[in-house]
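# Sequence below, structure please.
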Amino acid sequence: MSDGRTLVARWRDWAGTGLEHLVLQEAPRGIVAEATVIATPDGGDPLALTYRISCDPAWRVRTLEVRLVGSARSLHVAGDGAGSWTTGTGTPLGALQGAIDVDLAVTPFTNTLPIRRLGLRAGESAEILAAYVSPPDLTVTPNRQRYTCLEPGRRYRYESVDGDFVRDVEVDCDGLVTEYPDLFRRVT
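You can find the predicted model right below:
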């Protein structure tokens, strides 16, 4: 992408065994994030995957592509930015109706999507529906989440609306996670 800026970030998982390398390109016509992740999700088998997320200029997800390294397993979904989703071949995904964001379980980057898109001010909160992707099977399910701005550009609370998972997430001025307690730490 030209006429924009490129950011590079790396995270380690909390245990220090996983790593992610992300390249984020922001330009007037849209945002593209590409990354490689080495992880052991939920105590399962180790895996490596690549992902590519493209967004429109308002940070609404337009495509998500995920590929497991060393496997034929991959995922490609497309959103219209207004809450309708299809597979890469155009088959509608009605269960995701209303979702604007994606949440890929093995990366803190997908928290950046609603943080940047919502633009919450201190004390403001918003409930979203995310398309939740769980490796290694790459299933996609709807997931209700709430984000609350604790300190603009510094700290947000993430809550699973249908569960009891809550974390106060620290971010940098670009909305990229610097610390996600018990899950991820930024290393560059």
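# make it CA atoms for all contacts and neighbour counts henceforth
OK.
# quick one: low-confidence ranges for the protein?
The model of the chain has pLDDT under 70 over residues 1-2.
# repeat that for 90
For the chain, applying pLDDT under 90 flags the ranges 1-3, 41-44.
# Next, the buried residues of the longest strand along it.
Using DSSP state E to define each element, the chain has its longest strand at strand 139-151. Buried residues in strand 139-151, counted by 16 or more other CA atoms under 10 Å: Val140, Thr141, Pro142, Asn143, Arg144, Gln145, Arg146, Tyr147, Thr148, Cys149, Leu150.
# ok, now stretch 52-60?
Going by neighbour count (16+ other CA under 10 Å), the buried part of stretch 52-60 is Arg52, Ile53, Ser54, Cys55, Asp56, Trp59, Arg60.
# Ok, stretch 148-162 next?
Residues of stretch 148-162 classed as buried by neighbour count (16+ other CA under 10 Å): 148-150, 152-161.
# With stretch 31-41 instead?
Residues of stretch 31-41 classed as buried: Ile31, Val32, Ala33, Glu34, Ala35, Thr36, Val37, Ile38, Ala39, Thr40, Pro41 (neighbour count, 16+ other CA under 10 Å).
# who touches that stretch?
With CA atoms under 8 Å, 6 or more residues apart in numbering as the contact definition, stretch 31-41 has outside contacts at 13, 17-26, 46-57, 59, 105-107, 135-136.
# What residues does the nearest residue to Cys173 once chain neighbours are set aside make contact with?
Among residues not flanking Cys173 along the chain, Gly153 sits closest, at 5.1 Å (CA to CA, 6 or more residues apart in numbering). Counting by CA under 8 Å, 6+ apart, Gly153 touches Val171, Asp172, Cys173, Asp174, Gly175.
# how close does the spatially most central residue of the chain sit to Val133?
Among the residues of the chain, the one closest to the centroid is Thr110, at 1.3 Å (CA atoms, centre = their mean). Look at Thr110 and Val133: by CA to CA, to the nearest Å, they are 11 Å apart.
# between those two, what contacts are shared?
Counting by CA under 8 Å, 6+ apart, the residues touching both Thr110 and Val133 are Val102, Asp103, Leu104.
# Could you tell me the end-to-end distance of stretch 103-123?
23 Å.
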